[in-house]
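> sequence and predicted structure, then a few things I'm wondering about:
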Amino acid sequence: GESVGLHLPTLSVQEGDNSIINCAYSNSASDYFIWYKQESGKGPQFIIDIRSNMDKRQGQRVTVLLNKTVKHLSLQIAATQPGDSAVYFCAENNTNAGKSTFGDGTTLTVKP
Amino acid sequence: DVKVTQSSRYLVKRTGEKVFLECVQDMDHENMFWYRQDPGLGLRLIYFSYDVKMKEKGDIPEGYSVSREKKERFSLILESASTNQTSMYLCASSLSGAYNQPQHFGDGTRLSIL
């Protein structure tokens, strides 16, 4: 059967490994989801987004998966590099509300 | 690239002072937002604006007000600063339209109230 990953506040991976960061969202009416990366001393930076009519979207080295049945979002980073070390946030938008609700972040540490 | 500029990276003020945090974006975005970010509490929305002279309360508006006199500028005002308003403040902007768009953030203002 399909498993859904737990949200972890911290994640440590070896350089070159793949990373998976999980997020549970709260509002079943949310129809737009975004992943942000926040490096130390900087504001969050947009990585990738997905709308509710899709269940997967790929970018450069990143993939976002959306499971609306269990209200779960994940970010997969391929061949993780030291520059990927940061805090990663998911955010959900409800079109009617027009604003984002942010999840608890996950701190990713990449070990050389 | 969208640039969101916050006027100060670090700011130290005293209890009871009126504090102004300024934010300017250069991409003609309709939507602008103010958040505060605290350890263990994530990003919390203070106020947002969909247009000039328009404002909406977010999740934690108490003790704050905002001003948007021009489309590119969104100011956060602490009417009478208190120590519990010591925090990282983040401004963001986004395009309006039929579909939601990602927000673009500034690098934040770390505000200390003594």
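Perfect, thanks for sending it.
> check contacts around the residue in chain B positioned nearest to chain A.
Using Cβ to the nearest Cβ, residue B:105 is the residue of chain B that sits closest to chain A, at 3.3 Å. Where C-beta positions appear, they are placed from N, C-alpha and C, glycine not excepted. Residues counted as contacts of residue B:105 (Cβ atoms under 8 Å, 6 or more residues apart in numbering or on different chains) are A:36, A:43-45, B:4, B:90-92.
> what parts of chain A come near chain B?
Proximity of chain A to chain B, by Cβ under 8 Å from any Cβ of the partner chain, involves residues A:31-32, A:34, A:36, A:41-46, A:49, A:51, A:89, A:91, A:93, A:95, A:98-100, A:102-105.
> filter those residues to the buried ones?
Buried subset of the residues of chain A next to chain B (neighbour count, 16 or more other Cβ atoms under 10 Å in any protein chain shown): A:31-32, A:34, A:36, A:43-44, A:46, A:49, A:89, A:91, A:93, A:99-100, A:102-105.
> surely residue A:89 meets residue A:102?
Yes: Residue A:89 lies in contact with residue A:102 (Cβ atoms under 8 Å); the separation is 5.3 Å.
> what do the two both touch?
A:36, B:42-43.
> so what pLDDT did residue A:11 get?
Looking at residue A:11, its pLDDT reads 95.
> excluding chain neighbours, give the residue nearest to it in space.
For residue A:11, ignoring the flanking residues on the chain, the nearest one in space by Cβ to Cβ, 6 or more residues apart in numbering or on different chains is residue A:108 at 5.1 Å.
> count of residues packed around the one you found?
21 (other Cβ atoms under 10 Å in any protein chain shown).
> quick one on the thing from earlier: which ones among the buried ones among the residues of chain A next to chain B map onto helices?
Among these, the subset assigned to helices under DSSP state H is empty.
> take the contacts of residue B:105 and keep only those in strands.
Of these, the ones assigned to strands by DSSP state E are A:36, A:45, B:4, B:90-92.
> so the residue most central in space within chain A versus chain B, what's the distance?
With distances taken as Cα atoms, centre = their mean, chain A has residue A:75 as the residue nearest its mean C-alpha position (4.0 Å). Look at residue A:75 and chain B: by Cβ to the nearest Cβ, to the nearest Å, they are 14 Å apart.
> need the contact list for that residue.
Counting by Cβ under 8 Å, 6+ apart, residue A:75 makes contact with A:19-21, A:23, A:35, A:47-48, A:62-64, A:88, A:90.
> packing partners for the helix or strand of chain A with the lowest mean pLDDT?
Lowest on mean pLDDT, DSSP states H and E among the helices and strands of chain A sits strand A:100-102, with a mean of 89. When contacts are defined as 3 or more Cβ pairs under 8 Å, 6 or more residues apart in numbering or on different chains; DSSP states H and E, strand A:100-102 sits against strand A:86-93, strand B:42-49.
> one more pass at 6 Å, please.
On a contact count with 3 or more Cβ pairs under 6 Å, 6 or more residues apart in numbering or on different chains; DSSP states H and E, strand A:100-102 meets strand A:86-93.
> quick one: strands adjacent to the strand it packs on?
In the sheet, strand A:86-93 lines up against strand A:32-38 (antiparallel), strand A:100-102 (antiparallel), strand A:106-111 (antiparallel) (DSSP bridges).
> would you mind listing what in chain B touches chain A?
B:42-43, B:48, B:90, B:100, B:102, B:105-108 (Cβ under 6 Å from any Cβ of the partner chain).
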